[in-house]
Each structure stands twice: as C-alpha cells, then as structure tokens.
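**Q** test case, fold it:
(2 chains)
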Amino acid sequence: MNVHETLDRTWRDPGGFVGWFCAVNHKTIGLRFIATTFVFFAAAGALALVMRLQLARPRNDVIGPDLYNQLFTVHGTTMMFLFAVPVMQAMATYLLPLMLGSRSIAFPRLNAYAYWIYLFGCLMLYAALFCGAGPDAGWFSYVPLAGPDYSPGKRSDFWAQLITFSEMSGLLESIVIIATILKLRAPGMALHRIPLFAWAMLVTSFMVMFAMPSVMFASTALITDRLVGTHFFNPAEGGDALLWQHLFWFFGHPEVYFIFIPALGFMSQIIATFSRRPVVGYAAMVLSLIATAFMSFGLWVHHMFATNLPELGKAFFTAMSLMIALPTALQIFCWLATLATGRLVLKTPLLYVLAFFFILVLGGLSGVMLGMVPLDLQVHDTYFVVAHLHYVLIGGAVFPLIGAIYYWFPKFSGRLLDERVGKLQFWLFFIGFNLTFFPMHLLGLRGMPRRVYTYPAGMGWEGMNLLATVGAFVIALSVVLLVANVVRSVLRGTAAGDNPWGAGSLEWATSSPPSAGNFVHPPVVHGREPLWEPGAQPAVVAGLADDRREVLVTSVIDAQPDHRAIFPTPSPWPFVSAAATTLLFVASIFTPWAVVWASIPVALAVIAWFWPSVRETLAEKLLERSP
Amino acid sequence: MNASTSGGWQDALLAHGPQAAQVLDLWRITLAVCTLVFALVLLALLVALWRAPRGTHETAPQIAPDDRKPLRRVGVAIAASTLLLLALLVGSVVTDRALAQLGLRDALHIELTGHQWWWSIHYDDPDPSRTFDTANELHLPLGRPAILTLRSGDVIHSVWMPSLAGKKDLIPGRTTTLTLRADRAGLYRGQCAEFCGAQHAWMALPVSVDEPARFDAWADAQRATAKPPGDELARRGQRLVLGGDCVMCHAIRGTDAGARQGPDLTHLAARGTLGAGTLPNDASHLAAWVSNPAAHKPGVNMPSATFSPDDLQAVVAYLRSLQ
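**A** Residues are numbered from 1 along each chain as shown, chains lettered A, B, ... in the order given. This next block holds a predicted model:
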C-alpha cells in the first residue's frame, strides 16, 4: 500500500448511513455547511419574492399582515444569522486548512458539532414558520413588541432560541478558526505571510468572540422575560426598552462587518490571482481589516439616532460612522492599484469582484449619509435603508461570495463551472439587483417606511415598487441559473486540474478535489504566494505519520514547527450531543424545567464524546518516554 | 377611496418647514459629494480596466513588483477621502445645531401618544380649560412652531412627517420631543416609522396645516363637547352607542362615554379618515368600519359590532353627527 492510500484511509470519513453522521473531516463538514447555507439563502430569497409580489401594487392582498410580518422577520433572520455569517465560516472551514497547508482543521469534532447545531437551529425556525408560528417582530425583535405583553404565543421564543443556536454555532466556529489560523499553519508561514483571506477570517473570528456575547445576553434576557417573568425590558418594573437596542446593536453593527470582512478576503484572493500579481500594500490591507474591526464596535448608536439619547453623544457616532469608511476605502484603492498594475484575466470570478466596486461603493456612500444624524432622521426606517443594506450586504458580501464560488468550485469538485453561463448569470444578477434595489433609495426619500405590508395608492410609490418586484424575479432567475450551472458542472464539467487559475496560494498545491489528508507532503512556505515562488528548500514537511491522524502544530507568530498532535477520529457523538442540545433549547421554549432535565442527555452525550479509547491511550503510552 | 387616505405631502424631498428644509440642504450637498466620489472610483476602475494589459492563467505572475508609485497614489486618494469626510462631518454637525435652534417663542404644546395602531393627541394650554383631546389627525397653525411631546402607550412607535421634519421615536417609559414648524398651508401625511406590530402599515397621521384663524376656529370647535343629536335616527344611534360596547373603549365628551382605550370620538365626523388613515371618513366606509374593522385593518384591536342593519344605520347617523 502506498503513502497516498494509507493517508487516505487514515483521514477518510467512514462510509454508510451511520458513517454519514460520524464525519469530522473539514472538507466534508465544510461542503455540507456551504450547501446548507445556500439552501437557506434560497429559502429566504423565496420569502422575499412573496413579499415583493405583495408590494407590487398598492393595497394588494396576496398575503395579509400576519404572514407578511412573519416573512420579513424570517427573511431577515435567515439572511443575517443563517446565511451571511455562517456561509463565511463554512467557506473558511473548507478552505483554511488547505490555504494554510494543514492536514486538518483544529478541533474537527467541535467543528462538526457546530455544524449540526446550526442545522438544527435552521430546521427549528422553518418548522415554526410552516406551523404558522414564525417569529413576527422583525429580525431585530425590538422590545416591548417582542416581549411577553405584545407577542403572546411562542413566535418570539422561537426567534430568541434561534439566536441561541446560531450564537453557539458561530462562537464555536470562531474558536475553531482562530485555533486553526494561529496554530496549524505550514512551517514558514509567519504572520506576515498569511493569505489575506485567512487574515480576514482571523479578524472576523475575534470580532465574533467579542460581539456575540452581547446579543446572547439580550436574547436570553428576552427569553427569561417571556418565560419566567423577569423584567429586563419592562419599563413599568424598572426595566428599559432601550437596553435591548444597545445590546442588540452592539452586536448588530459588528455583525455587518463579520459578513463583510471575509468577503474582503475573497476579494483579495481573487484580485491577486486574476491580476497575476500580489495585492498592492499587504501591510495596509491587514491593518485596514484590524482597524475596521475595532471601529465597528463604536458605531452601534447610529441605529438609534431617533431615540432620546444625548445629541452630543450622537455626534461622536456620526464621526465614527464616517471614519470607518476610510479603512475600506484604503482597501478599495489598493485593489484598484493592483488591477491597474496587473495583467487582467477577465473571467467570471473577476466580474463578480468588479461588481463590488460599483455596488459596494454605492452602498458605502449611502451608509455615509445614514451615519449623519440629520439625514438619518429622515431616511431611518424607510426604504432608503432597505436599499442601503442590500447594496452593502449583497454588493459587499454576496457578489464576492458568488465570485468565490466560481473561483473555488474547481477545488471543491474537480470541475470548472461553465464560463458562458457564468457571465450570463452574472449580468442577470447585476441588472436584477440594481433594478430591485436602486429605486428603493428614492422610495425612502419619498416617504415610504420599511416593514409595511401594504401602502395606499396615490403616494407616487407604485411604479418604483413594481420595478423592484420585476427586478427581484430577475435575481431569482439568475440564482436558478447558478444552481443549474453547479449541477451541470458536477455532472459533466470540464476537469479542472490542481491549479486551473494559476493561483499562488497553497490550496491550489493539492489535487482537486483534495484527498482526505489534504497534502501528501504538507508544504513549507517561503513567501506570501508560495506557488508563485517555488524552488526554496525545504519544500515539504517530512516525518509526519501517515497511518495516524498526526498534524504539525506551529508557533503563533513565526510558524516554527512546535509539536505533532494526534487529531480525533470520526465519531457519532458530536451529532448526538448536538441533538441533545437541540432538545434542551427547543424544550426550554415551552418550560424552564427543560434546562434542568434536558441537561442530563447533553452531559451524557458529551461524556461519551470525550471518553478515551483504550487503543489510543495505549498508543499514546508507547510514545511516552521517561525523562 | 384611495385618494382620500393618501392625501397630503409625505416626501422628504418636498420640504415645507425649516426642519425638513435644513435636512434637504444637507442632503443636496451630501448627494453631490457622494456622486463625485462614486464617479471618481468608477472612473479609476474603468481606466484600470482600459489600460491594464490582458493576461491568461499561464501568464507568469509578478512576484515582487515595485509598488511605491501605486502606494503613493493610494495615499493621495486616502488623504482626499479624509478631507471630504471631514467636510461632510462639519456639514452634519452644523445642520444638527441649526435643527436644535428652531425659534420656539409662542410655541404650541402638543402631546402625541402612540398606540397599536392609532395616535392620541392632547393640545396643551396654560389655561387648563383650553386643553383638549383628539385623535388620529394633527392640526398645526401655519408658521407657528410646535413642540410635540412624544410618549407611547404600548410598544415603540416613531412619528415621521417627512415634509415637515425628521422622525422621532415614541418609547414606553421615556419621553421624547420633536420640534417643528410648517411654512405652507395644506394637507400633509405622517406615518409610524418604527415597526410596531400587525398594523404598522396603517398607522398614518394626517396633518392639516391651516392659517392661524382657521386653526383657532378648529381648536375652538374641538374644545366644545359633543352636540346632542338632532334627529330621531341619530338619537337612537346615541342610545345604541352609549348602551353598547363602544363606550368600553371610546370617549365622547359631553356624554357618559369616557374610556381612553380607543380614539376620542367627540368630533369624529370632523376628521378626514378612519382607523388612522385606513379608510376615508364617509357614511358608507364608517358603516363598513363599525361592522367589521378587521376586514379593513386585520389585527386591529377594535372588535366587530353586531348591530342589525337598521341599528347600524342609526349608529352611523349618530357618529356622523359628531362634527
């Protein structure tokens, strides 16, 4: 048996039905994770189409207010919590170990557990929606509307508990990603040589660690207000309605950036490859990411300008909201410089990246407007904001993401996506997007508030609403084409080879799709674009066992080899633990005692998860040497 | 039926008061700056795309290009961006100050309270006998500033009359204020801007700005208690209203009805719309509204009334008499 086969057998996930639940390989989990996020992207998009049909003409009655309010709540919640944040972590789960030259992601079982928790959260939300109990207080769930007095029933509890699911998954993924980036890099990949996407994910993951506890507290306080009669948010009992807004937006604004920053990472990877040169100003790019992360924690009050907070304090948040444009502007200028001095390869991934310059810049400029208190007081909570946030999130994250799918699909599947369909699909998306969302700027200025299920005729809003509805269906057509392109390529796409784009980062050094152990010989790195500057010695790591899950752990700053760690094998227990955790979360919507009783199965499952195997312990003992 | 519920200016680009006009000026400056920046970025992109040579995936990559010149250009662009942002910041703060300095001598004091999904309005006065309550339709004297004290009876709402001023939230447990002045007579329309539940969409606030004399006449009429019904049909209607469920929630000053759960009906017939801008206020719509409000405003807290057709006619006749 040769080394390829041994490695493959060591790192492969087990087959069969039961084996499917035991998978821990980061590529298996990563692909499932990416596919799941796109399923929910499509689901939330379908909800948006129903809303656009309802708004196509005044006093329309396709759906009533009860369903409409559930739809926009679930649309926003899905897009923010179940698509945009997780899809970035999912891409990172798949790509980072390859990009960093490692055999595995850190804590592979934890990674699997985080995926299952995420999936079960999604299923709970959509089960609630299909049972007519979809949350209906908005993705921001302002109290007291979402509190016990004004949202009776279980709708808002499903929302609050969904936050618990997605928080848990998001925080655990952040731990996995930080540990992977800091400890599992190829030897020689010092901090100043990390690919910019990895930097983006490192920064994002630290942001998640600091921002998410805030909303975790808020949603838990909401649940206890609703379930056991606490009064965190009840002004009549000494609580405060604005406390919710502070806690929610202290998380909510950084959240926008942990959707946006990974996309900046995609941008940098794609632009470098398709300009045939490294991105201009690596240090400036990294520092911009870090600056953005810090500043994003000082913006939250610009969601609250219409409340009675002190006016002078609001001016600080205006200054901060304008200032955060600078690090992003710096990156945009560096990319423009890269394009101007490169040799351009105008393929679909680059087209998606170029659209960023149009859409995101427009969204960023409307963001500058929203950051200014007087302008915000007019357009806050209107369709202007709907336009702005879609320009920022779709232009700033979804366009680069789809570009990234075109870019890395050959690595995922071994096959290229079709270029002609890709270009058509791109133009449909670009045109449909602008048709849908550009008129909304004007709608907001001309007086149309957000989150209304209908509107009177004669307000001058009909034409623009109809246009937006038509545009939404053009986007839908484009998404259908994307799916068709993926299916077609999987069935009979052109074989890609290891490095179809001639890229410089390490994920292109292995086969497409990569073998279970990622690299036959893990690489050693001597520069920022290792595949563009080969030849230096040593080229590969020698001495890692191929019949055990041995991974090289390196030092944080210089990525010097540190020690070999034995990684865990496939196990059903992450799945079982996630199921037990789900039981706890869902049952606690109905009774606080679930927190007590359902913690027993959770504890049992986790004990089984960490139960040491006799064989592994003996193997460890054999390796031990007396000093 | 639509025209009368959508009547009135509701457009931030049609400013008819100093507050909205200040913001509109800032908007124009900001729009100009942002358009310029957008055009420059696109121009830079197009020039880059135009001038950069094409390559393929086999093109040998530049490994360590000399980036001093491009980095200098990036530096210049960042410096320019910083200056523009600083200018916008100054514009924002100056406008903020101007908004806070609206002259408030002789201002009218109004308390506006948001409810799911209607507005109660209290016109204040130093002389307690001159205060009065109304609902769902704001009247302002032309050219005289008004101080709106904003409260909420349940969840968070936000009052937005875009042609007059920016919006302000109505927050339970807190009091906020909004100052504004209308410089053009006519009908305006405001609307709740903060999502407040099932009928957020139909929580409009028609605003009528009148010459001071007309406003005073309106206010005097509002201060008066309800006139006793004139004809037999209306008298029967009054008996039905006062003897039925209506008085559990509504007040009609001058009668025994004094509840505050729903809009004050003392001068209902003088208002232009029903259900906070949901339906035009005429006899047929009033009958439709009373017999089944939820058909027009699903989720509304007002229950359907179970009057026989004859009784309904009498109730409508009485309510129409509340001028």
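**Q** nearest spatial neighbour of A:Thr180, skipping sequence neighbours?
**A** A:Ala106 (4.4 Å; C-beta to C-beta, 6 or more residues apart in numbering or on different chains). Using the backbone N, CA and C atoms, a C-beta is placed for each residue, glycine as well.
**Q** and A:Leu370, by the same measure?
**A** With sequence-adjacent residues excluded and distances taken as C-beta to C-beta, 6+ apart, A:Leu370 is closest to A:Asp376, at 5.2 Å.
**Q** so how far is A:Gly367 from that neighbour?
**A** In this view, A:Asp376 and A:Gly367 are 10 Å apart by C-beta to C-beta, to the nearest Å.
**Q** comparing the two, which residue is more hemmed in?
**A** Neighbour totals were compared for A:Asp376 and A:Gly367, and A:Asp376 leads with 27 against 24 (other C-beta atoms under 10 Å in any protein chain shown).
**Q** residues touching that one, list them.
**A** Under the criterion of C-beta atoms under 8 Å, 6 or more residues apart in numbering or on different chains, the contact list for A:Asp376 reads A:302, A:305-306, A:369-370, B:166.
**Q** and it, what helix or strand is that in?
**A** Following DSSP states H and E, the helix or strand that holds A:Asp376 is helix A:373-379.
**Q** work out the gap between that helix and the centre of the chain.
**A** Shown here is helix A:373-379, whose average C-alpha point lies 30 Å from the average C-alpha point of the whole chain (C-alpha atoms, centre = their mean, to the nearest Å).
**Q** following element in sequence after that helix, please.
**A** Tracing the chain past helix A:373-379, the next element assigned as helix or strand by DSSP H and E is helix A:383-393.
**Q** and that next one, what does it pack against?
**A** Applying 3 or more C-beta pairs under 8 Å, 6 or more residues apart in numbering or on different chains; DSSP states H and E, we find helix A:383-393 packed against helix A:241-275, helix A:348-371, helix A:419-445.
**Q** that one - what's its average pLDDT?
**A** The average pLDDT for helix A:383-393 rounds to 97.
**Q** and it, which residues are buried?
**A** Of all the residues in helix A:383-393, those buried under the rule 16 or more other C-beta atoms under 10 Å in any protein chain shown are A:383-393.
**Q** tilt between that helix and helix A:419-445?
**A** Counting by axes from the mean of the first three to the mean of the last three C-alpha atoms, to 10 degrees, helix A:383-393 points 150 degrees away from the direction of helix A:419-445.
**Q** secondary structure class for the residue nearest the centre of chain B?
**A** Of all residues in chain B, the one closest to the mean position by C-alpha atoms, centre = their mean is B:Gly190, 2.6 Å from it. In terms of secondary structure, B:Gly190 is strand; the call rests on DSSP: H, G, I helix; E, B strand; the rest coil.
**Q** any idea how far it is from B:Gln116?
**A** 17 Å.
**Q** I figured B:Asp154 hits B:Leu170, correct?
**A** No - taking contacts as C-beta atoms under 8 Å, B:Asp154 lies outside contact range of B:Leu170: 9.7 Å.
**Q** now the common contact residues for these two.
**A** Looking at what touches both B:Asp154 and B:Leu170 (by C-beta under 8 Å, 6+ apart), the common residues are B:Gly114.
**Q** count of neighbours near the residue in the stretch 351-500 of chain A positioned nearest to chain B?
**A** Of the stretch 351-500 of chain A, the residue with the smallest distance to chain B, taken as C-beta to the nearest C-beta, is A:Leu377 at 2.7 Å. Close neighbours of A:Leu377, defined as other C-beta under 10 Å, add up to 26.
**Q** where's the residue sitting nearest the centre point of chain A, which helix or strand?
**A** Centroid-nearest residue in chain A, with C-alpha atoms, centre = their mean: A:Val85, separated by 2.5 Å. Under DSSP H and E, the secondary-structure element containing A:Val85 is helix A:85-99.
**Q** what sits against the nearest residue to A:Phe358 once chain neighbours are set aside?
**A** Counting by C-beta to C-beta, 6+ apart, B:Leu42 is the residue found nearest to A:Phe358 once chain neighbours are left out, at 6.8 Å. Listed by C-beta under 8 Å, 6+ apart, the contact partners of B:Leu42 are A:357-358, A:361.
**Q** now do the contacts for A:Gly342.
**A** In this structure, A:Gly342 makes contact with A:271, A:274-277, B:52, B:55, B:62, judged by C-beta under 8 Å, 6+ apart.
**Q** can you list those in TSV and add distance to B:Ala294 and neighbour count?
**A** TSV is the format used below for the contacts of A:Gly342 (distance: C-beta to C-beta, whole Å; neighbours: other C-beta atoms under 10 Å in any protein chain shown):
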residue	distance to B:Ala294	neighbour count
A:Ile271	56	27
A:Phe274	58	28
A:Ser275	61	27
A:Arg276	65	24
A:Arg277	65	25
B:Ala52	63	17
B:Gly55	66	19
B:Gln62	69	16
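**Q** just the pLDDT for the residue nearest to the centre of chain B.
**A** What the model reports as pLDDT for B:Gly190 is 96.
**Q** if it is in a bridge, with which residues?
**A** B:Leu205 (DSSP bridges).
**Q** could you measure it against B:Leu170, distance?
**A** Here B:Gly190 is placed at a distance of 12 Å from B:Leu170 (C-beta to C-beta).
**Q** dump the residue contacts of whatever residue of the stretch 1-150 of chain B ends up closest to chain A.
**A** Nearest residue of the stretch 1-150 of chain B to chain A, counting by C-beta to the nearest C-beta: B:Gly55, 3.1 Å away. With contacts defined as C-beta under 8 Å, 6+ apart, the neighbours of B:Gly55 are A:276, A:342-345.
**Q** correct me, but A:Ile290 touches A:Leu202?
**A** No - using C-beta under 8 Å, A:Ile290 is not in contact with A:Leu202, being 9.4 Å away.
**Q** about what we covered before: out of the buried residues of helix A:383-393, who's nearest A:Ala90?
**A** Looking at these and their distance to A:Ala90, the nearest is A:Leu393, at 16.8 Å (C-beta to C-beta).
**Q** re earlier: comparing B:Asp154 and B:Leu170, which residue is more hemmed in?
**A** Each of B:Asp154 and B:Leu170 has its neighbours counted (other C-beta under 10 Å); B:Leu170 has more, 29 against 19.
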